[in-house]
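Asks: return a 3D structure for these sequence lines:
(chains A and B)
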Amino acid sequence: MAALTDLSIAEAGEGLDNGDFTARELTDAYLAAMEAARDLNAFVEETPERARAMADASDARRTKGEAAGPLDGIPLAVKDLFCTEGALSTASSRILEGFRPTYESTVTANLWEAGAVLLGKTSMDEFAMGSANITSCYGPVLNPWKATGGDAAGKDLVPGGSSGGSAAAVAARVAAGATGTDTGGSIRQPGAFCGIVGLKPTYGRCSRWGMIAFASSLDQAGPLTHTVKDAALMLAGMAGFDPKDSTSVDLPVPDYAAALTGDIRDLRVGVPAEYRMEGTPPEIEALWEQGVAWLRDAGAEIVDISLPHTKYALPAYYIVAPAEASSNLARYDGMRYGLRVEGEDLTDTYERTRAEGFGHEVQRRVLIGTYVLSAGYYDAYYLKAQRVRTRIADDFKTAWESCDVILTPTTPSAAFALGEKQDDPIAMYLNDIFTVPASMAGLPAISVPAGLSGDGLPLGLHLIGPAFGEETLLRAAGVLETAAGFDARP
Amino acid sequence: MTDTTDTQTDAIPDHLVAHFTSRIGHNSADLIEGETGAWEIIIGMEVHAQVMSESKLFSGAPTDFGGDPNTHVSLIDAAMPGMLPVLNEAAIRQAVRTGLGLEAQINHRSVFDRKNYFYPDLPQGYQISQFSDPIVGEGRVTVDMEDGESFEVGIVRIHLEQDAGKSIHDRIPDQTCIDLNRSGVALMEIVSKPDIRSGAEAAAYLSKLRSILRYLGTCDGNMQEGSLRADVNVSVRRPGEELGTRCEIKNVNSIRFVRQAVDYEARRQIEILEEGGEIDQETRLFDPDRGETRSMRSKEEAHDYRYFPDPDLLPVVIDKAFVDEIKASLPELPDTKAARFVDEFGLSEYDAGVLVAERETAEFYEAVVDAEGAKRDPKIAANWITGDFFRRLNADELAIADSPVTGAQLGGLIDLIADGTISGKIAKEVFDEMFDTGNDAGDIVEEKGLKQISDTGEISAIIDQIIADNPEQADQYRSGNTKVAGWFTGQAMKATQGKANPQMVNELLKEKLGG
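Replies: Prediction:
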């Protein structure tokens, strides 16, 4: 029998149901793996005691025939952005040093309700701002993959970000799955960099209550898993209407796993011309072509489409997201919780607290956001960016008239070496070039590991679906996954 | 850590407020005579009214006044990480109700915005308010002055916003304590046009607005507890000229202070202008102890609030049925009620105005007039309330709700006068006794033997005795000095401890002296 940690969530669930092993045994296997993989620095806090207690409770339920469903007894990692009662919840920022909430986020509460087990909290880019997981106050997280050739050969690689700790933990088989959050690509990009599946649901599908806010109109929780089916199972456990989040949508949660029929003969797959960007490496282009061929071979109709405002998505995103962040992060003022650095007077206390509490990238975005909302600049930046956002959403609406899902690459490159792009925020921001448009339109999108780069690093393909079209999206992703047959390991 | 300023809420920027007065001409009595000629005062007000509701604008925490510090605070009010606001529909209802009461346009789509600034009593680092799309648009309030004149104040808008917490500077030396009980409580900001022309008018406007809000049940109007407070914008100009630079007097929390603050501020500005100076646009505070305003913050220190739509909240969309339902439940408001009192009861406009100013007074009045289907004399009822009743309430520092005498009881007293059981003079005594004991008029009259003497024989004998004892005065009367009649009446009342029926006394006197 393979190691317990090699099992997918679906397989582990079957094993638990068959009595092949207990949730406690499964959890202990993951806890051991977690300890062995501490070099990755993926966790900001391990919660072994809680994990064992939750696993024992799961076993007790299963013995009584009261297992809650496919996630009961499944050990998961949770991004440090989710508030988890009594466990460190800091958005990997010094300003929330030592913060342990008295409350549980809706998404994690849903998961525990479904019987899942918390292994620990995973590191992330500070306040989810970053694409390399190098801005965490706990230090960088390492990608378990190593390049076999090229410039990065032998070097430590970034796992992507901002959900880098979650992606690294799943890729290293330290967790069966993990929650992430995606604002402009923070689930999909690290998913691609780490060779796993990353799903960002439709905005409003998962409650944001108890999730530390970065950009409220974009933030959305989602799963990072080994397989598309696991993503479907986890999403079903996370999603649902929440009256505590006014932007959450009151729609029933379907059986996403049941949507994975493997049959996409009725689907039209859109291929957007504007995503063929200058400077995209040939191997990314080639993988994209390969993805188109796989879906065509599976019986889907391939349609050339146009999303004309694509090139404005990234600049508009870097106005909207920092604007909201500048306001969302105003509550970290040293007055009620987290870090406080005493100053000469009130203003000095604010300044010192926020100067020491926030890292450079966070400060940069707070400054950008403050600037674009300022009197005299609001119309030129924020308002215009919102108009661009409407155009981007309209582009997609038009596209859905001729296709059912859209296929693009996830990232313009494979994982890069730690330290690279660190001093060049624009190069770093370009990581999200393919993922940001769907975020701006609030659409569901998924990254599926599809192949290896010339240097032996994983690359992802990216599918975008219409709002609340997760079932179709997952169905297409499942076919892509089967066709790609990606079974490489770090 | 120390800090001196208390609250940093600020005026709606000019470009969003129609700062054009709709009031044409001026009452020459309101002009102020300076050293160099007449000045006109221009006043606009922003009134913050705490919405009467069980819970806060975006959280379930209670809104009761007077709890121990930080006991009415939810995770949302304390702005804990990951917390999200959820709009309290009751606050929307109250704002719409207020809008309808001020004959204002109700906006079927409105938006909550964030107003960003740092202050320790503002946990989120922003106040959720309504900026470009408020829930209520233009409306109006008719204000009556004591001299019988009335004028109209245009309402620019009403928007909903969160209150801040409270900074307490004097509890621990060199430290500021924060009480978040008020943090997140729903306020309505009611913005007037600059249609007000004097301190007296400003006070009358606030008083009328308070009355309407209390009738509507949307704000308790308790100024001492801070449920109602006003920011008063004052500027002066030569009659007919362009508007001058204004100063905003923040957080004035009594109607009397509004008048004092305006009067002081107008004088201050006129003095500066007449000496050739310029007015600095600034925020000022009124110091009631010294009766003066002083500078708090100048325009240069003004914040850039970086308003933008709150992405945590959806636009508020209300339909016609929602508004109609609220409209159908509106009570009779003071203006309508006063008109009815004039019409139905034949009261003077002044008396009607006094009686309707407080909803409780009007209700009390109607209870006095209503004699189980029949009607007591409405003017006599009005006189009793505005006279003796108010006198005793004031003397005992009681609110009408705490009055020991009910409307029906006062009605009973009036009945005893009407049917001649007691005289008007005795009635005043009985009333005081009622107020002291809470007993019915009839019981008091019975117990104390205050019943009026209406027996002709008894009164006749008394008068005969007085005439006999005072021949000199009787002669005066007979020789044409009829004024002495009053003296005789007085003697007769004195002899009966006021219980003689004064009408009978007069009749008998005339008969006997004339004969």
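
Asks: got the phi and psi for B:Val484?
Replies: phi -60, psi -20 (degrees, to the nearest 10).

Asks: do the one 3 residues further on as well
Replies: Geometry field for B:Trp487 lists phi and psi as phi -60, psi -40, criterion degrees, to the nearest 10.

Asks: leaving out the residues flanking it, which one is nearest to it?
Replies: Using Cβ to Cβ, 6 or more residues apart in numbering or on different chains and skipping residues adjacent in sequence, the residue nearest B:Trp487 is B:Gln473, 6.3 Å away. All C-beta spots, glycine's among them, are computed from the backbone N, C-alpha and C.

Asks: quick check: mean pLDDT of the helix or strand harbouring that neighbour?
Replies: Under the criterion of DSSP states H and E, B:Gln473 resides in helix B:471-478. Helix B:471-478 carries an average pLDDT of 86.

Asks: and chain B, which residues reach chain A?
Replies: Residues of chain B lying close to chain A (Cβ under 8 Å from any Cβ of the partner chain) are B:1-3, B:75, B:78-87, B:114, B:116, B:118, B:120, B:123-126, B:178, B:304, B:306-308, B:311-314.

Asks: drop anything exposed from those.
Replies: B:75, B:78-87, B:114, B:116, B:118, B:120, B:123-126, B:178, B:306-308, B:311-313 (16 or more other Cβ atoms under 10 Å in any protein chain shown).

Asks: sketch out the low-pLDDT regions of the chain for me.
Replies: All of this refers to chain A. Across chain A, the ranges flagged by pLDDT under 70 are A:1-2.

Asks: my bad, the chain I had in mind was chain B
Replies: B:1-22, B:24-29, B:298-302, B:515.

Asks: domain ranges for it?
Replies: B:15-301, B:332-448, B:456-514 (automatic domain parsing).

Asks: how long is the second one from one end to the other?
Replies: The reference is to domain B:332-448. 42 Å (Cα to Cα, to the nearest Å).

Asks: and if you look at the last one?
Replies: The separation between the terminal residues of domain B:456-514, taken as Cα to Cα, is 17 Å.

Asks: so A:Gly165 sits in a strand?
Replies: No: judged by DSSP: H, G, I helix; E, B strand; the rest coil, A:Gly165 forms no part of a strand; its state is helix.

Asks: how about the helices in the stretch 301-450 of chain B?
Replies: B:320-328, B:334-345, B:349-356, B:359-369, B:378-384, B:390-395, B:407-418, B:424-437, B:441-448 (DSSP state H, counting those that start in this stretch).

Asks: buried residues in the fifth one?
Replies: Right, the one you point to is helix B:378-384. Those would be B:Pro378, B:Ala381, B:Ala382, B:Trp384, for helix B:378-384 by 16+ other Cβ under 10 Å.

Asks: list the contacts for the first one?
Replies: What that stands for is B:Pro378. Listed by Cβ atoms under 8 Å, 6 or more residues apart in numbering or on different chains, the contact set of B:Pro378 reads B:Phe341, B:Glu344, B:Phe345, B:Gly346, B:Leu347, B:Val369.

Asks: and the gap between it and chain A?
Replies: Going from B:Pro378 to chain A by Cβ to the nearest Cβ, to the nearest Å gives 52 Å.

Asks: do the same with the last one
Replies: The spacing between B:Trp384 and chain A, counted by Cβ to the nearest Cβ, is 54 Å.

Asks: what residues does the stretch 251-400 of chain A have near chain B?
Replies: Within reach of chain B by Cβ under 8 Å from any Cβ, the stretch 251-400 of chain A has these residues: A:323-324, A:326-327, A:329-331, A:333, A:335-337, A:342, A:345-346, A:349-350, A:370, A:373-375, A:378, A:382.

Asks: er, the stretch 1-150 of chain A actually
Replies: A:Phe82, A:Cys83, A:Ser89, A:Ala91, A:Leu96, A:Phe99, A:Pro101, A:Thr102, A:Tyr103, A:Ser105.

Asks: swap in 10 Å and give it another go.
Replies: A:81-83, A:89-91, A:93, A:95-96, A:99, A:101-103, A:105-106 (Cβ under 10 Å from any Cβ of the partner chain).

Asks: which one of these is nearest chain B?
Replies: Nearest to chain B out of the residues of the stretch 1-150 of chain A next to chain B is A:Cys83 (Cβ to the nearest Cβ; 4.7 Å).

Asks: the closest one touches A:Ala221, doesn't it?
Replies: No: taking contacts as Cβ atoms under 10 Å, A:Cys83 lies outside contact range of A:Ala221: 11.9 Å.

Asks: who touches both of the two?
Replies: A:Ser105, A:Thr106, A:Val107, A:Thr108, A:Gly210, A:Met211 (Cβ atoms under 10 Å, 6 or more residues apart in numbering or on different chains).

Asks: so in the chain, which helix runs the longest?
Replies: Here I'm looking at chain A. helix A:310-328 (DSSP state H).

Asks: try chain B instead
Replies: helix B:255-274.

Asks: list the buried residues of that one.
Replies: Buried residues in helix B:255-274 (16+ other Cβ under 10 Å): B:255, B:257-270, B:273.

Asks: what's the farthest-apart pair in those?
Replies: Greatest spatial distance among the buried residues of helix B:255-274 (Cβ to Cβ): B:Ile255 and B:Leu273, at 27.5 Å.

Asks: circling back: check which element follows the longest helix of chain A along the chain.
Replies: Defined by DSSP H and E, the subsequent element after helix A:310-328 is helix A:346-357.

Asks: what sits up against that next one?
Replies: When contacts are defined by Cβ under 10 Å, 6+ apart, helix A:346-357 is touched by residues A:93-97, A:126, A:137, A:329-330, A:332-335, A:338-345, A:362-363, A:366, B:1-3, B:5, B:118-120, B:125, B:176.

Asks: show me where the stretch 101-250 of chain A has its helices.
Replies: Secondary structure of the stretch 101-250 of chain A (DSSP H, counting those that start in this stretch): helices at A:106-113, A:164-171, A:188-194, A:228-238.

Asks: which elements pack onto the shortest one?
Replies: In this case it means helix A:188-194. helix A:164-171, strand A:177-182, strand A:197-200, strand A:220-225, strand A:445-452, strand A:458-464 (3 or more Cβ pairs under 10 Å, 6 or more residues apart in numbering or on different chains; DSSP states H and E).

Asks: out of the residues of chain B next to chain A, which are inside strands?
Replies: B:Arg114, B:Asn116, B:Tyr126, B:Ile178, B:Phe308 (DSSP state E).

Asks: can you pull up the most central residue in chain B?
Replies: Most central in chain B under Cα atoms, centre = their mean is B:Ser207, positioned 3.6 Å from the mean C-alpha point.

Asks: so residue 295, which of the three states?
Replies: No chain specified, so I'll use chain A. Per three-state DSSP, A:Leu295 ends up helix.

Asks: the chain in question should be chain B.
Replies: Under three-state DSSP, B:Ser295 comes out as strand.

Asks: one more: B:Arg171?
Replies: B:Arg171 - assigned by three-state DSSP - is coil.
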